[in-house]
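>>> model the structure of this input:
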Amino acid sequence: MELFREDQWKKIYQFLRIEGASRRIYTGTEANCKAFFTAILWMTRSGSQWRLLPKELGEWNTIYKRFARWSDQGVFSRMFEYFKDDPDMTTTLMVDSTIVRTHASCTGLRLLKKAS
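Numbers count the residues shown, from 1 in each chain. From the prediction side, this is the model:
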């Protein structure tokens with residue numbers, strides 16, 4: 001499943017290697033990192049739940065944990081900033097801002113009732 005071209009992957013991997021060296025971010029082997037990144041792109045483009053990640057893209061929980069760590073460490077924010085002016089990368093990395101409606105109980109906010 002190819003979601004990006006080889007030349008695009010080389011740019012992404014070069015960025016990740018620099019990030020990994022300077023910020024102690026685990027990238028693993030190039031093949032492992034490419035599989036992880038493919039899974040992340042599949043997730044962002046499909047809008048699917050983590051548990052529905054196809055088995056050939058990896059174990060969903062492993063992918064999710066690594067994604068969460070990288071997100072917490074700001075890897076993706078720095079990646080978007082790094083590639084924002086590269087016209088070759090904008091279609092690969094930029095995710096649309098589609099709004100998805102959820103039920104009020106899914107917001108995570110607790111509404112406090114006024115005492116009468």
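
>>> got the contact list for the residue nearest the centre of the chain?
Of all residues in the chain, the one closest to the mean position by C-alpha atoms, centre = their mean is I40, 4.6 Å from it. Contacts here follow C-beta atoms under 8 Å, 6 or more residues apart in numbering; on that basis I40 touches I63, F67. C-beta coordinates here come from the backbone N, C-alpha and C atoms, glycine included.

>>> quick one, phi/psi of it?
With angles defined as degrees, to the nearest 10, I40 sits at phi -60, psi -40.

>>> can you tell me how far it is from R78?
According to C-beta to C-beta, to the nearest Å, I40 stands 15 Å off from R78.

>>> could you do E30 as well?
Separation of E30 from R78 (C-beta to C-beta) stands at 20 Å.

>>> which residues does A35 contact?
Contact analysis of A35 by C-beta under 8 Å, 6+ apart lists L57, G58.

>>> then D86?
With the criterion set at C-beta under 8 Å, 6+ apart, D86 makes contact with K11.

>>> distance of it relative to S48?
Distance from D86 to S48, by C-beta to C-beta: 27 Å.

>>> check contacts around Q49.
Residues counted as contacts of Q49 (C-beta under 8 Å, 6+ apart): none.

>>> pLDDT score for it?
You'll see Q49 listed with a pLDDT of 91.

>>> what's the burial count for I25?
For I25, the count of nearby residues is 17 (other C-beta atoms under 10 Å).
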